[in-house]
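Colleague: Output the structure for:
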Amino acid sequence: NLFTNYFNHVADTEVDFPPVTERATAGSPLDLAQAREISQLLDSADPLIGSNNGADFNYVLSNGNAAAEVWSGGGDLAMTVTTSYPGIQFYSGQHLGYPFQPYAGLCLEGQYFPDSPNQPTFPSTLLLPDQHYAETIRYSFRESALGA
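Modeller: The predicted structure follows:
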């Protein structure tokens, strides 16, 4: 499968947890500004990939609400994810269990950054009484020539 996203930062983590900074992805193995095979990303030497045995981290939204696109192996089916959340968690399925094999799927989930309540530089998740919570995630599927 091919994957591209519209993020230029990732919520970076220490060896364990929680994330402590935002790290630029441009030019790094996590840079998905151009569509790449997911396997290329997973084979990279980036510490976020190695420490998780795959992808399990939060990309930082950088341009409105367009988030990511994934194409099937044949390039004839595409999924686009849009969200009003400030980030999207990318998980490569390394811990999938029966009846699935590890890496047999992926997850793209709009969300706030991990540990946001304790990180003053991250977008706030505080919801006060009488405030309304409203975020959206949209998954759109289409038949398409690769990248069209």
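Colleague: C-alpha from now on. contacts and neighbour counts both.
Modeller: Noted.
Colleague: if I pick the spatially most central residue of the chain, what's in contact with it?
Modeller: Most central in the chain under CA atoms, centre = their mean is residue 90, positioned 3.2 Å from the mean C-alpha point. By CA atoms under 8 Å, 6 or more residues apart in numbering, residue 90 lies in contact with 55-59, 106-109.
Colleague: Could you look up the SS state of residue 49?
Modeller: helix (DSSP: H, G, I helix; E, B strand; the rest coil).
Colleague: didn't it look like it was pressed against residue 42?
Modeller: Yes: contact status for residue 49 versus residue 42: in contact at 6.4 Å, counting by CA atoms under 8 Å.
Colleague: between those two, what contacts are shared?
Modeller: Taking CA under 8 Å, 6+ apart as the contact rule, residue 49 and residue 42 both touch residue 55.
Colleague: Taking the contacts of residue 90, tell me the two that lie furthest apart.
Modeller: The distance between the two most remote of the contacts of residue 90 (CA to CA) is 14.4 Å, for 59 and 106.
Colleague: The two - which one has more neighbours?
Modeller: Neighbours per residue (other CA atoms under 10 Å) separate residue 59 from residue 106, with residue 59 holding more: 31 against 17.
Colleague: Right, I'll leave it there.
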